[in-house]
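Peer 1: Give me the fold of what follows.
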Amino acid sequence: MSTRIYIIGSGVISHHHAQACGELAGSELHAADPSPEARASFLEAFPHAHLYERSEEMLATAAGPDDLVVVSTPPRWHVSEAEKALASGRSVLVEKPLAMDLAEAEALWASAQAKGLHIATCGSRFQSWTLNQLAKQKINDGSIGTPYLVDWIHRTECHRTGIEYQNGSWWFLDKSKSGGGPLMDWGPYDWNTLLSIFEPKEVQVLQSSCTQPSVPADLPEGTVYDIETQVVATVRFVRADDSLVDLRYERSCATHGEAEQREGIYGTDAFLSWNWLPFGEDLSLKVKISKDKESSSVEEISAEASEAPNWMFEPLLQFRSYVQGKNDAVGMFDAKALQAFQVIQAIYESSESKQPVVLTF
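Peer 2: From the prediction side, this is the model:
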């Protein structure tokens with residue numbers, strides 16, 4: 001039987017999943033969206049697809065063993081649509097963020113377990129990138145000694161989704177519709193990557209702040225703008241061997257500070273830095289060992305963007321491999337699909353309560 005892919009929501013992001021479906025030999029593409037305009041645009045791009053107005057209608061047919069559902073709606077509908085997919089007997093891949101709050105995410109996983117089905121999130125989009133896999137290998141093989149500190153800083157002065165980026169998509173600015181700001185937008189990528197590299201058994205959010213600095217924005221009257229635009233957190237990983245790794249984390253899309261991007265891991269024997277995204281100018285991983293105050297040695301490994309799998313296709317292709325029982329599937333699946341979201345919610349909680357929050361995996 002062919003693999004049938006059912007996409008709920010046929011906006012911009014759904015087109016990438018539809019293209020990924022084209023990588024699966026003999027696949028059959030279905031999509032549902034209440035918007036006639038969105039359906040028309042989707043059908044123009046993918047004329048072989050079967051289009052529906054309602055997801056319930058699309059999922060009404062009996063489920064096949066290789067069927068998969070992708071939820072690519074705005075975040076406030078992620079869990080309700082994913083629950084429909086599970087109720088139809090199909091495993092489901094959910095765009096990031098996984099849910100709007102922790103209760104939703106936990107309920108979704110409970111539903112999947114009860115039905116013997118699988119869930120995954122697109123937050124693991126960059127996990128299979130060569131340099132991320134190599135960074136994990138360097139840590140596990142002792143190349144940098146014992147890791148003890150991570151810098152993960154991504155600060156832009158003015159790059160807000162809905163304003164400077166995808167201008168006019170005002171719902172991104174409304175927490176009741178988007179779930180939050182950059183922590184819910186790019187945070188899933190940050191934390192899925194970090195969790196997959198270190199595989200902690202415990203995460204301690206020691207302190208955090210979620211702020212909206214007064215960076216001007218020209219918005220239509222009545223626009224709800226209540227998301228954070230700068231997130232700062234101190235987080236501690238407790239690894240399987242009880243070693244501790246502290247993280248200095250920042251994710252900002254509007255701030256008065258200078259733009260900066262820095263990711264690196266300090267080990268007792270060396271410092272590791274790399275480009276964790278498969279695009280940009282310097283696609284390399286470096287291991288630096290300081291010999292004395294005047295000299296150091298640097299091992300550098302370069303990667304080509306052309307060598308990277310299509311990062312927009314990866315969530316669906318890897319999830320299909322996982323559901324089919326392949327051991328080499330790369331991603332955060334089932335219970336692990338919740339972990340990055342749990343960290344994100346813990347950062348929000350710590351910011352509000354001004355207290356540490358501890359997670360055990």
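Peer 1: Assumed L272 was part of a strand.
Peer 2: Yes - using DSSP: H, G, I helix; E, B strand; the rest coil, the assignment for L272 is a strand.
Peer 1: residues contacting it?
Peer 2: Neighbouring residues of L272 by Cβ atoms under 8 Å, 6 or more residues apart in numbering: 135, 138-139, 143-144, 264-265, 285-288. Where you see a C-beta, it was placed from the backbone N, CA and C, and this is true even at glycine.
Peer 1: now do 10 Å
Peer 2: Counting by Cβ atoms under 10 Å, 6 or more residues apart in numbering, L272 makes contact with 134-135, 138-139, 143-144, 147, 150, 263-266, 285-288, 299.
Peer 1: how about low-confidence regions in the chain?
Peer 2: 1, 291-295, 306-308 (pLDDT under 70).
Peer 1: make it 90
Peer 2: 1-2, 25-26, 279-283, 285, 288-310 (pLDDT under 90).
Peer 1: follow-up on the earlier one: for ChimeraX, write a command that selects the buried ones of the contacts of L272.
Peer 2: The ChimeraX command for the buried members of these (criterion: 16 or more other Cβ atoms under 10 Å) is given here:
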select :134,135,138,139,143,144,147,150,263,265,266,285,286,287
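Peer 1: Which of the contacts of L272 fall in strands?
Peer 2: 147, 150, 263-266, 285-288, 299 (DSSP state E).
Peer 1: Could you dump these into JSON lines with distance to T360 added?
Peer 2: Formatted as JSON lines, these follow (distance: Cβ to Cβ, whole Å):
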{"residue": "P147", "distance to T360": "20"}
{"residue": "V150", "distance to T360": "20"}
{"residue": "E263", "distance to T360": "26"}
{"residue": "G264", "distance to T360": "27"}
{"residue": "I265", "distance to T360": "23"}
{"residue": "Y266", "distance to T360": "25"}
{"residue": "L285", "distance to T360": "31"}
{"residue": "K286", "distance to T360": "34"}
{"residue": "V287", "distance to T360": "31"}
{"residue": "K288", "distance to T360": "34"}
{"residue": "E299", "distance to T360": "35"}
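Peer 1: quick one: which of those residues is nearest to A103?
Peer 2: Closest approach between the ones in strands among the contacts of L272 and A103, by Cβ to Cβ: V150, at 29.4 Å.
Peer 1: hey, what's that closest one bridged with?
Peer 2: L247, I265 (DSSP bridges).
Peer 1: That one and G267, how far apart?
Peer 2: Taking Cβ to Cβ, to the nearest Å as the measure, V150 falls 10 Å from G267.
Peer 1: overlap in contacts of these two?
Peer 2: V245.
Peer 1: Would you agree I289 is in contact with Y266?
Peer 2: No - I289 is beyond contact range of Y266, at 12.0 Å (criterion: Cβ atoms under 10 Å).
Peer 1: what is in contact with those two at once?
Peer 2: 144-145.
Peer 1: Number of residues surrounding I119?
Peer 2: 26 (other Cβ atoms under 10 Å).
Peer 1: residues contacting it?
Peer 2: Per Cβ under 10 Å, 6+ apart, neighbours of I119: 71, 82, 85-86, 91-94, 98, 105, 108-109, 111-113, 319, 333-338.
Peer 1: Spatially nearest residue to the spatially most central residue of the chain, not counting backbone neighbours?
Peer 2: For the chain, the residue nearest the mean C-alpha position is G123 (1.8 Å; Cα atoms, centre = their mean). Nearest residue to G123, sequence neighbours excluded (Cβ to Cβ, 6 or more residues apart in numbering): P188, at 3.1 Å.
Peer 1: next one: Q345
Peer 2: L102 (4.7 Å).
Peer 1: The nearest residue to P356 once chain neighbours are set aside in helix, strand or coil?
Peer 2: Setting aside the residues directly before and after it, P356 is nearest to L206 in space (Cβ to Cβ, 6+ apart), at 5.1 Å. Here L206 is recorded as strand under three-state DSSP.
Peer 1: number of nearby residues for L206?
Peer 2: Count around L206 with other Cβ under 10 Å applied: 15.
Peer 1: Now for it: which residues touch it?
Peer 2: For L206, the contacting residues are 233-236, 246-247, 350, 355-358, by Cβ under 10 Å, 6+ apart.
Peer 1: among those, who's most crowded?
Peer 2: V235 leads the contacts of L206 on contacts (other Cβ under 10 Å) with 27 neighbours.
Peer 1: Now do the same contact list for that residue.
Peer 2: V235 neighbours (Cβ under 10 Å, 6+ apart): 150, 152, 191, 194, 200, 203-208, 245-249, 343, 346-347, 350, 356-357, 359.
Peer 1: distance between the helix or strand where it lies and the chain's centre?
Peer 2: Here V235 sits within strand 230-238, counting by DSSP states H and E. The chain centroid and the centroid of strand 230-238 are separated by 17 Å under Cα atoms, centre = their mean, to the nearest Å.
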